[in-house]
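Asks: The following comprises the amino acid sequence and a computationally predicted model.
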Amino acid sequence: MTDRDRRGAERRGCHAETLAAAWLTLKGYHVLASRVRLPVGEIDLIARRRTVLAFVEVKQRAHLHDALQAVTPRAWDRISRAAEVWASSQPHASQLDWRFDLVAITPLSRPRHFRDYWRP
């Protein structure tokens with residue numbers, strides 16, 4: 001992958017995450033953090049709604065099926081480790097119910113939010 005390809009992928013990823021954050025906000029979530037980068041892994045979005053803390057992976061693909069299959073079990077493990085590290089620095093995170101969600105972005109349709117898509 002060339003630098004130009006990487007920059008294009010990064011730009012598309014940022015756009016998808018922005019769409020997902022807007023969609024979650026419309027659904028009543030408060031986005032606490034985005035593009036969280038930690039040594040153990042990355043989290044696209046962290047959002048809260050009432051007593052639920054959602055760690056959200058965002059995937060943009062041409063087809064819904066591809067987006068749903070895009071996150072490997074190994075990637076979910078890294079996201080889970082990153083969630084643990086991030087939450088350890090947040091005073092009230094341990095009092096909330098944690099969930100790992102997926103938001104799929106596909107052309108010409110609304111974002112699809114899959115709650116509790118994966119469990120560690």
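Replies: Nice, I can see it.
Asks: least trustworthy helix or strand in the protein by mean pLDDT?
Replies: helix 3-26 (a mean of 88; mean pLDDT, DSSP states H and E).
Asks: got the angle for whichever helix or strand comes after that helix vs helix 3-26?
Replies: Sequence order places strand 30-38 as the next helix or strand after helix 3-26, per DSSP states H and E. Relative orientation of strand 30-38 and helix 3-26, computed by axes from the mean of the first three to the mean of the last three C-alpha atoms, to 10 degrees: 150 degrees.
Asks: If you count contacts, what does strand 30-38 end up packed against?
Replies: When contacts are defined as 3 or more C-beta pairs under 8 Å, 6 or more residues apart in numbering; DSSP states H and E, strand 30-38 sits against helix 3-26, strand 41-49, helix 73-88. C-beta coordinates here come from the backbone N, C-alpha and C atoms, glycine included.
Asks: winner for burial among the ones you listed?
Replies: For those, the largest average neighbour count (mean count of other C-beta atoms under 10 Å) is found in strand 41-49, namely a mean of 20.
Asks: Direction included, what does that one pair up with?
Replies: strand 30-38 (antiparallel), strand 52-60 (antiparallel) (DSSP bridges).
Asks: Dump it to PDB, keeping only the CA atoms.
Replies: Taking C-alpha atoms only, strand 41-49 is exported to PDB below (Å, rounded to 0.1, in the frame of the first residue of the first chain):
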ATOM      1  CA  GLY A  41      -5.100  -1.100  20.700                       C
ATOM      2  CA  GLU A  42      -7.400   1.400  19.100                       C
ATOM      3  CA  ILE A  43     -11.100   2.300  19.700                       C
ATOM      4  CA  ASP A  44     -13.000   4.200  17.000                       C
ATOM      5  CA  LEU A  45     -15.700   5.700  19.200                       C
ATOM      6  CA  ILE A  46     -16.600   5.500  22.900                       C
ATOM      7  CA  ALA A  47     -20.100   6.600  23.600                       C
ATOM      8  CA  ARG A  48     -22.400   6.600  26.600                       C
ATOM      9  CA  ARG A  49     -26.200   6.300  26.800                       C
END
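Asks: Great, nothing more from me.
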